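In: Fold the following and give me the result.
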Amino acid sequence: MPTTPSARRKARKLLVQALYQWQLTGTPSTEIEAQFHVDNDMAPVDTEFFSKVLNGVAREKVALQASIEPYLDRAFAELDPVAISVLRMGFFELQHCIDVPYKVVINESVNLAKTFGATDSFKYVNGVLDKAAAKFRMAEVRAK
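Out: Numbers count the residues shown, from 1 in each chain. Model prediction:
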């Protein structure tokens, strides 16, 4: 199971899709994870990271929403489902994957919002995660 930047990037791409499916269908994250292993070539994917984030986001859904909401300029429910998936993943990484530099979390999230999200949603995702990084990665942000 690779842990290269490319393997993480591939994991994040699948994570946005898995989180989107989880959010819209209510299917347990463990079932979605199993389905993704059957339906996708997971050999080049950091599957440990994929599992950690997918199941972590599902487990901490309420806490993640509570940590995201102060950074929004609208109600959480007004966000499009892709933006919600990207933000949940980004906030989870900021809070629980400290081995990943905050700039990488933001950059990867912005790129995923560009790929899967509505037009210009990447700008919104960037602004929200940038503000959140100042809180969740204070020492790292100050060191830059």
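
In: ok, G56 touching H96?
Out: Yes: using C-beta atoms under 8 Å as the test, G56 is close enough to H96 to be in contact (6.1 Å). (C-beta placed from N, C-alpha, C; glycine too.)

In: what's the longest helix in the protein?
Out: The single longest helix within the chain, with elements called by DSSP state H, is helix 5-25.

In: So what's the model's average confidence on it?
Out: When pLDDT is averaged along helix 5-25, the result is 97.

In: what's the answer for stretch 73-80, then?
Out: Along stretch 73-80, the predicted local confidence has a mean pLDDT of 95.

In: Start and end of that stretch, how far apart?
Out: Using C-alpha to C-alpha, to the nearest Å, the span of stretch 73-80 from its first residue to its last is 14 Å.

In: what's the spacing between it and its chain's center?
Out: Computed by C-alpha atoms, centre = their mean, to the nearest Å, the separation of stretch 73-80 from the middle of its chain amounts to 17 Å.

In: Check which residues of it are buried.
Out: By neighbour count, with 16 or more other C-beta atoms under 10 Å as the criterion, the buried positions of stretch 73-80 are L79.

In: ok, now stretch 121-141?
Out: When burial is assessed from 16+ other C-beta under 10 Å, stretch 121-141 yields the following buried residues: S121, F122, Y124, V125, N126, V128, L129, A132, A133, F136, R137.

In: Tell me the buried residues in the longest helix of the chain?
Out: With burial defined by 16+ other C-beta under 10 Å, the residues of helix 5-25 counted as buried are 7-23.

In: which helices and strands does it pack with?
Out: With contacts defined as 3 or more C-beta pairs under 8 Å, 6 or more residues apart in numbering; DSSP states H and E, helix 5-25 has these neighbours: helix 29-39, helix 47-59, helix 81-96, helix 102-116.

In: Could you check the longest one and say which residues are buried?
Out: The one in question is helix 81-96. Buried positions in helix 81-96, judged by neighbour count with 16+ other C-beta under 10 Å: 82-96.

In: which helices and strands sit right next to that helix?
Out: helix 5-25, helix 47-59, helix 61-68, helix 102-116, helix 121-136.

In: Reformat the ones you listed as a markdown table; add distance to D39.
Out: Shown next, in a markdown table, are those (distance: least, C-beta to C-beta, whole Å):
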| stretch | distance to D39 |
| --- | --- |
| helix 5-25 | 10 |
| helix 47-59 | 13 |
| helix 61-68 | 23 |
| helix 102-116 | 17 |
| helix 121-136 | 26 |
